[in-house]
Each structure stands twice: as structure tokens, then as C-alpha cells.
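Participant: sequence below, structure please.
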Amino acid sequence: MNYKDIFCTGHPRSGTHYITALISTNFLNDSDYLKIYGNHALPRVVQHPHVAYIHIWRDFEGVAKSIFVLKERFGLRVANYEAFLQTHYKDMWVEQDPESVVTNVRTLSGRAKYLGAVDFFKEVDMTPQGFWEHYNRSWLAAKEETPNIISIKYDDILKNFHGTMDHIGKMLGCDGGHFKNIDRKVGWWK
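Facilitator: Numbers count the residues shown, from 1 in each chain. Below you'll find the predicted structure:
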């Protein structure tokens, strides 16, 4: 491998858990993908030339629908999907009783539950599409200047699993081969 470490991140609900688990399982031979999972960081985390920073992204519509379905998990209150699309995140965010919201997470090795809403969007003064554009443009701009940023599209994994995994392997400097897909869902769920 061309890098000493891997750091995977992406906009919420972009398939970050799934793709991170694929990378960890197939290229690091490690089912504990949370070791390389960087949550939803912006490119300011890029600081080391020997780390592969993997930016995971997904088309806006899939992201928006998924966030809306899990809106309580994110501390968001909004009447309907149309209002969700037009409202700034900070205006939808509501402090909640930590015991009223349960976040379930599945990893490759088990399950866990966390109490309380995630406050990721608490201070985001943009609409869902505006923030999605800002987040992904920031990573794509950083990629233009930083050769150790690799962008992977969730939808490409679904459409062309082996071709996309082979591309990831080449970018990481790993030998191609037979890639294992994950046969169960990982990540946050309702």
C-alpha cells in the first residue's frame, strides 16, 4: 500500500459506514472498520501526506431522503420533506431529551445503541442542498491540491462494485483481486 494509514469520511448518509467497512475488510483485512472511520469531517483534517483521505459521497437526493427519514436522530424537526428541503438546518434543529432519541449502529462485529440526537447540523446555516454542495465542493477543491485525497461515490459501488473496488485498490497502491462485498447493512439505522 502507498499509505501508512487510511481515513474515511463523508457527508452524513452518504454510505460512509458501508464504504469504510468495504475498504477495511478488503484492503486492510480488518473487520473493525471504525479504526479508519472519520465520521463527517471537512477537509481541514487533511494534514499528513502518508495518509489516504477517502472522501465518500452520494447524490443529493439519496442523502436528503435518508436524512429526512432519520431526522429525529439528527435533532431535526420539520413538518414535511418539502419544508425540509427549503429550511436551514440550524432552524430545524431542536434540543431534545437525550433519552427520547435512540441511535442504533451496526458494525461488522455487532450492534450498539446510543442515546441522544446527533448535533452535527445544529449550527449549519444552510439548506440541506446548500450544505451538501458546500461539503462536497470543499472536498473536491482540496482534492485538486492534495494527491492523497481519493473521492469515492457510493452510487458507483452499487452500480459497478468490482470496477470501483479495483479503482480504490489502484489508488491505494494495493493489488487487485477478488473483493468481498458486505452482505448486511452497517451504520446508523432507525
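Participant: need the helices for this structure, in chain order.
Facilitator: Applying DSSP state H to the chain gives helices spanning 16-27, 60-69, 81-86, 89-92, 128-145, 154-159, 161-172.
Participant: and those helices as TSV, adding distance to residue 39, mean neighbour count and mean pLDDT?
Facilitator: The C-beta positions use only the backbone N, C-alpha and C, and glycine is treated the same way. Formatted as TSV, these follow (distance: least, Cβ to Cβ, whole Å; neighbours: other Cβ atoms under 10 Å; pLDDT from 0 to 100):
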stretch	distance to residue 39	mean neighbour count	mean pLDDT
helix 16-27	8	24	94
helix 60-69	15	16	96
helix 81-86	22	13	98
helix 89-92	17	17	97
helix 128-145	13	16	97
helix 154-159	16	16	96
helix 161-172	20	17	95
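Participant: let me know which of the ones you listed is the nearest to residue 46.
Facilitator: For the helices of the chain, proximity to residue 46 was assessed by Cβ to Cβ; helix 128-145 is nearest, at 6.0 Å.
Participant: other residues contacting that closest one?
Facilitator: 11, 42-43, 46, 55, 57, 60, 63-64, 67, 84-85, 89, 121, 124, 126, 149-151 (Cβ atoms under 8 Å, 6 or more residues apart in numbering).
Participant: at 7 Å instead, please
Facilitator: The contact list for helix 128-145 (Cβ atoms under 7 Å, 6 or more residues apart in numbering) reads 11, 42-43, 46, 55, 57, 60, 63-64, 67, 84-85, 89, 124, 126, 149, 151.
Participant: what angle do that helix and helix 60-69 make?
Facilitator: 130 degrees (axes from the mean of the first three to the mean of the last three Cα atoms, to 10 degrees).
Participant: return helix 128-145 as CSV; C-alpha atoms alone will do.
Facilitator: This file holds the C-alpha atoms of helix 128-145, laid out as CSV (Å, rounded to 0.1, in the frame of the first residue of the first chain):
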residue,chain,number,x,y,z
PRO,A,128,-29.8,20.6,3.0
GLN,A,129,-28.8,21.0,-0.6
GLY,A,130,-26.6,24.1,0.1
PHE,A,131,-24.7,22.3,2.8
TRP,A,132,-24.4,19.1,0.6
GLU,A,133,-22.9,21.3,-2.2
HIS,A,134,-20.6,23.1,0.2
TYR,A,135,-19.4,19.9,1.9
ASN,A,136,-18.6,18.1,-1.4
ARG,A,137,-17.2,21.1,-3.2
SER,A,138,-14.8,21.6,-0.3
TRP,A,139,-13.5,18.1,-0.6
LEU,A,140,-13.3,18.2,-4.4
ALA,A,141,-11.4,21.5,-4.2
ALA,A,142,-9.0,20.1,-1.6
LYS,A,143,-8.5,17.0,-3.9
GLU,A,144,-7.3,19.2,-6.7
GLU,A,145,-4.4,20.4,-4.5
